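>>> Below is the structure, and that's it, no one-letter string:
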């Protein structure tokens, strides 16, 4: 079976506190001084506004003065509570009143009346979000506020698919590291054991579940949680998609509530086995979290153009919570990937203090080490930790409900990222915003009012959406006619959809042949992914130009691009210059030798000649030889 290598995602800057270490294997590493706080030019005001009964409230929507608006008591019959909105505004209450006073009963700045943050005694903990020498990420993402409601539970299991975990580290040795499995040698990992020979998995584990209030090291997002080590990556931080798929299924079958995947790569595209494993875990109610990735690059890339897996392996249903990385100013970390299709939220991921167990200089074990690390690998466990708190406080919450709480409560940061995504605005590219753990635990968090897997029509427009996994996917007229012509859509107001993240356009049926106007390339849709068709394979499949459907640029760009469609099953092919003959089995080109060719009677069948420039585009399998 062809196995795809996955390079561990990290662009990590390391400075070890417990030992003098400067280089970590598998990481791009460099010690650096504390970050300088950047000025935030745009002030945002939190306002409470009551619209007059019968007044037109349309000025609140699609208004550049306002970043977001939420009706606090929708559906209430109490006249005193009707039409009250919480508005994040670029103008203060006085200016608001001056501009819109004729439409409102009152406007006032929201007062901070939340429960006092919980303070702990771990030396690495801080109460200041700009103290980047300590655990600023906990404060920025409001975990100390969340702890006033819950600090987690050992009954919640977070499976960490990584390089292992050091269960003997002083901050991870209080019983939180439970039994797991080593998929590299097929052995059980005993509880409290050290299974990490790289250090990356221990970094991830520390963010989620480092022991808190023990006068040592750091605090975890959860004071109580069970961490299941699933060693799927080797000492260099690499692994195969096959092993990752096995680990996902194992986690789902062994009680994991959440799976954290701080790895990925662009070395493969639509891996069927991995997609099936993701679907299996998701259908069992598991919350899957994955890093958006940075591919050891100085500047993150647009995953809408170059998808990274497994974070983009959502099977068209948003089964994975994709996480981008931000800094202490809520700006996209330079190294972090971004994109509409694969990123759901952002989380702190730059200069994150956590646990580590390997001296990167010598490669030898490091007792009770700590490190500053940067990467989306460190952002993902903040979201996994948030999910664990939600599952503790709301144990009956489904994975879809957990997802909705995480994205609906995120703080909007698009206005702080005007040119951080390829020198362009990050609007819509960083998910629904930076996570807010305290807000995610609110009992009165606005519930999802649209039924799952429903078609909705945006009131006053010609726009239709398919809602799946808490994400709105726009439906083009072509796909509306093809897939939903017999469905009567539910008409919704813009407010209902305002907090829902935007996903890719709904894909046509599998087998649909598409192209965009003015471009010669033709594609076939398979599992929500567009796969290129060479002209020769187009003819071999008996297709004609009448089979091609022209689609819009926006919907075309929103769909991920896969590998070239292979020749028909059982076909024999070769290139013009290379005499090697390939037999197409299960969509893969398997090279065969002459003896195999004759022994199997294949020599009586024609061999299709494919241009040298095209044959390299097809996925190849193992050789067949005698």
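Yep, that arrived. Predicted, not measured: the structure shown is a model, and the values here were computed from it.

>>> element containing residue 554?
Secondary structure assignment for residue 554, by DSSP states H and E: helix 553-558.

>>> try residue 206
If you go by DSSP H and E, residue 206 is part of helix 200-209.

>>> where are the low-confidence patches of the stretch 401-550 of the chain?
444-449, 459-460, 493-496, 498-499 (pLDDT under 70).

>>> try 50 this time
Residues of the stretch 401-550 of the chain that meet the criterion pLDDT under 50 lie in 448.

>>> Show me which residues of stretch 232-243 are buried.
Neighbour counts over stretch 232-243 (16 or more other C-beta atoms under 10 Å) mark 232-235, 237-243 as buried. The way it works is simple: take the backbone N, C-alpha and C, and place the C-beta from them, glycine included.

>>> What is the end-to-end distance of stretch 123-135?
End-to-end distance for stretch 123-135, by C-alpha to C-alpha, to the nearest Å: 10 Å.

>>> Return the distance of that stretch from the chain's centre.
26 Å (C-alpha atoms, centre = their mean, to the nearest Å).

>>> any idea of the mean pLDDT for it?
Stretch 123-135 carries an average pLDDT of 94.

>>> Next: stretch 181-189.
Averaging the model's pLDDT scores along stretch 181-189 yields 97.

>>> re earlier: which members of the buried residues of stretch 232-243 are positioned in helices?
Judged by DSSP state H, these include 241-243 as members of helices.

>>> from the middle of its chain, how far away would the helix holding residue 206 be?
18 Å.

>>> average model confidence for that helix?
Mean predicted confidence for helix 200-209 is 97.

>>> now the strands: where do they sit in the stretch 1-150 of the chain?
With DSSP state E, counting those that start in this stretch applied, the stretch 1-150 of the chain shows strands at 5-7, 45-51, 66-71, 84-89, 104-109, listed in chain order.

>>> quick one: which of those strands is nearest residue 371?
strand 5-7 (20.1 Å; C-beta to C-beta).

>>> And stretch 353-368, what's buried?
Buried positions in stretch 353-368, judged by neighbour count with 16+ other C-beta under 10 Å: 353-360, 366, 368.

>>> Out of the residues you listed, which two sit at the greatest distance?
Applying C-beta to C-beta across the buried residues of stretch 353-368, the maximum distance is between 353 and 359, 17.5 Å.

>>> Given the longest strand seen in the chain, what are its sheet partners and their directions?
Longest strand in the chain by number of residues (criterion: DSSP state E): strand 152-162. In the sheet, strand 152-162 lines up against strand 224-231 (parallel), strand 258-261 (parallel) (DSSP bridges).

>>> Please pull up the helix or strand immediately following the last one.
Proceeding C-terminally, strand 258-261 gives way to helix 272-283 as the next helix or strand, assigned by DSSP H and E.

>>> Give me the helices and strands touching that next one, please.
Applying 3 or more C-beta pairs under 8 Å, 6 or more residues apart in numbering; DSSP states H and E, we find helix 272-283 packed against helix 241-253, strand 287-291.

>>> Out of these, which is the most enclosed?
strand 287-291 (a mean of 31; mean count of other C-beta atoms under 10 Å).

>>> what angle do whichever helix or strand comes after it and helix 272-283 make?
Using DSSP H and E, the helix or strand that follows strand 287-291 in sequence is strand 320-326. The directions of strand 320-326 and helix 272-283 differ by 100 degrees, with axes from the mean of the first three to the mean of the last three C-alpha atoms, to 10 degrees as the criterion.

>>> Strand 320-326: how far from the chain's middle?
The answer for strand 320-326 is 4 Å, by C-alpha atoms, centre = their mean.

>>> Direction-wise, compare that strand with strand 287-291 and give the angle.
Here the directions of strand 320-326 and strand 287-291 differ by 40 degrees (the same axes, to 10 degrees).

>>> Now the element after strand 320-326, going C-ward?
strand 345-348.

>>> Pairing partners for the next helix or strand after that following strand, with directions?
Going down the chain from strand 345-348, the next helix or strand is strand 352-358, by DSSP H and E. Strand pairing for strand 352-358, using DSSP bridges, gives strand 365-373 (antiparallel).

>>> and the angle for the partner strand with helix 200-209?
Taking the same axes, to 10 degrees, one finds that strand 365-373 is oriented at 60 degrees with respect to helix 200-209.

>>> where does the closest residue to residue 124 other than its chain neighbours land in three-state SS?
The shortest distance from residue 124 to any non-neighbouring residue, by C-beta to C-beta, 6 or more residues apart in numbering, is to residue 218 (3.8 Å). Here residue 218 is recorded as coil under DSSP: H, G, I helix; E, B strand; the rest coil.

>>> what's near enough to touch residue 218?
When contacts are counted by C-beta atoms under 8 Å, 6 or more residues apart in numbering, residue 218 touches 122-125, 135, 171, 206, 210, 353-355, 370.

>>> Tell me where the stretch 451-600 of the chain has strands.
In order along the chain, the stretch 451-600 of the chain carries the following strands (DSSP E, counting those that start in this stretch): 454-458, 464-468, 471-475, 490-492, 513-516, 522-526, 529-533, 548-551, 572-575, 581-585, 588-592.

>>> From the chain's centroid, how far away is the first one?
Just to be clear, that refers to strand 454-458. Relative to its parent chain, strand 454-458 has a centroid offset of 25 Å by C-alpha atoms, centre = their mean.

>>> In CSV, list the buried residues of stretch 232-243 along with distance to residue 346 and pLDDT.
Converted to CSV, those look like this (distance: C-beta to C-beta, whole Å; pLDDT from 0 to 100):
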residue, distance to residue 346, pLDDT
232, 25, 95
233, 24, 94
234, 29, 93
235, 30, 92
237, 23, 88
238, 26, 87
239, 26, 87
240, 29, 86
241, 26, 86
242, 30, 88
243, 28, 92
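
>>> want to throw those residues into CSV with distance to residue 401?
What follows is these, written out as CSV (distance: C-beta to C-beta, whole Å):
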residue, distance to residue 401
232, 28
233, 31
234, 36
235, 38
237, 33
238, 35
239, 31
240, 33
241, 29
242, 32
243, 30
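
>>> Compare the helices and strands packed on helix 272-283 and give me the one nearest residue 588.
Closest to residue 588 of the helices and strands packed on helix 272-283, according to C-beta to C-beta: helix 241-253, at 14.2 Å.

>>> So residue 492 versus residue 468, what's the distance?
Noted for residue 492: a distance of 15 Å to residue 468, by C-beta to C-beta, to the nearest Å.

>>> Out of the strands paired with strand 152-162, which one sits most buried?
strand 258-261 (a mean of 31).

>>> residues in contact with that strand?
Contacts for strand 258-261 (C-beta under 8 Å, 6+ apart): 156-162, 204, 208, 244, 248, 251-252, 281, 286-291, 310-311, 320, 380-381, 384, 387-388, 391.

>>> for stretch 418-433, same thing?
Against stretch 418-433 from outside (C-beta under 8 Å, 6+ apart): 299, 302, 322-324, 326, 331-332, 334, 338-340, 343-346, 407-408, 410-414, 417, 499, 501-502.

>>> same deal with stretch 594-607?
With C-beta under 8 Å, 6+ apart, stretch 594-607 has contacts from 572-574, 581, 583, 592, 624-626.

>>> what does stretch 188-196 give?
With C-beta under 8 Å, 6+ apart, stretch 188-196 has contacts from 162-169, 173, 175, 177-182, 201-202, 229, 231, 357-358, 365.

>>> Derive a PyMOL selection command for the buried subset of those residues.
To isolate in PyMOL the members of the contacts of stretch 188-196 that are buried, counting by 16+ other C-beta under 10 Å, one can use:
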select buried, resi 162+163+164+165+166+167+169+173+177+178+180+181+182+201+202+229+231+357+358
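
>>> hang on, the earlier thing: kindly indicate which of the buried residues of stretch 232-243 lies nearest residue 480.
Residue 480 has its nearest neighbour among the buried residues of stretch 232-243 in residue 241, at 34.5 Å by C-beta to C-beta.
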